[in-house]
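> Sequence first, then the predicted structure:
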Amino acid sequence: MLLDTADLQDQACSLYREVLGRGEPGLELNPRLLSALVRNGGSAVGLLEGPRLVAFAYGVHARDAHGEYHYSQSAAVAPDQQGQGLGRRLKQAQADVVRGLGVRTMRWAYDPLLGRNAHFNLDVLGARARWYVEDFYHRPGTDRVVVEWDLLSPAEPGPVVEELLVAPGTPVRAEFGRLLGAGLVGVTCRRGEQGSSVYGFAVRSQP
């Protein structure tokens, strides 16, 4: 459902602080921003359990040299509701809103060292890892992989042609840059040993 009331927007901001803010300065969410997104081609969607908001996501309409897309800035699920499939339902609800706006592609960014997030994005949703951006938030330690999700006609990934082992504390910038720069896309991520993850890359099916 859309976050189109003051109560829902206030609940979303509270949930954001609980799940993502962690008291860090600068990591706040303004309810007026959510209202503006709902009214101006963005997205602000949530899932309810009774009157309680248990998950939400928001994003903005965008365009670059690769075309038009919707950028999903953030998503949050209440700690006591995680692991119950709400993340997938939330992304699908956001995708429904985006398709209703006439946009066929979504993007978002995630930390490449978080294998669980990578698996959700690539294997569960079927998004494709397209770009590796160093210091995504213009601060050290914020490298991100940007994925692209075709909402209308997603193609089945081709066979995995290269794999990349990502272990805690291991630099990954150069390898991600090499693989994605060679016309490959990340299509899968499985759990490795001792906290590592193994990414699988396939040939990109279209520019």
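Done, it's in.

> Would you map the helices across the protein?
6-16, 31-39, 86-100, 115-119, 173-181 (DSSP state H).

> contact partners of the last one?
Put plainly, it is helix 173-181. Pro112, Ala129, Arg130, Trp131, Tyr132, Glu134, Asp143, Val145, Glu162, Leu164, Gly186, Phe201 (C-beta atoms under 8 Å, 6 or more residues apart in numbering). All C-beta spots, glycine's among them, are computed from the backbone N, C-alpha and C.

> Centre of the chain to it, how far?
For helix 173-181, the separation from the chain centroid amounts to 20 Å (computed by C-alpha atoms, centre = their mean, to the nearest Å).

> What residue spans form the domains of this protein?
If you go by automatic domain parsing, the domain ranges for the chain are 1-103, 109-207.

> ok so, going back, max pairwise distance over the contacts of helix 173-181: which two?
Spatial extent of the contacts of helix 173-181 (C-beta to C-beta) is set by the pair Glu134 and Glu162 at 20.7 Å.

> which one of those two has more residues nearby?
Glu162 (15 against 11; other C-beta atoms under 10 Å).

> Please list all residues in contact with Gln82.
Taking C-beta under 8 Å, 6+ apart as the definition, Gln82 has no contacts.

> Excluding chain neighbours, what is closest to Ala118?
Cys189 (3.7 Å; C-beta to C-beta, 6 or more residues apart in numbering).

> got a list of contacts for stretch 137-148?
For stretch 137-148, contacts defined as C-beta under 8 Å, 6+ apart pick out 69, 105-112, 118, 121-122, 127-136, 172-173, 176, 186.

> Could you report the distance from the most centrally placed residue in the chain to Phe136?
Centroid-nearest residue in the chain, with C-alpha atoms, centre = their mean: Trp108, separated by 4.0 Å. Separation of Trp108 from Phe136 (C-beta to C-beta, to the nearest Å) stands at 11 Å.
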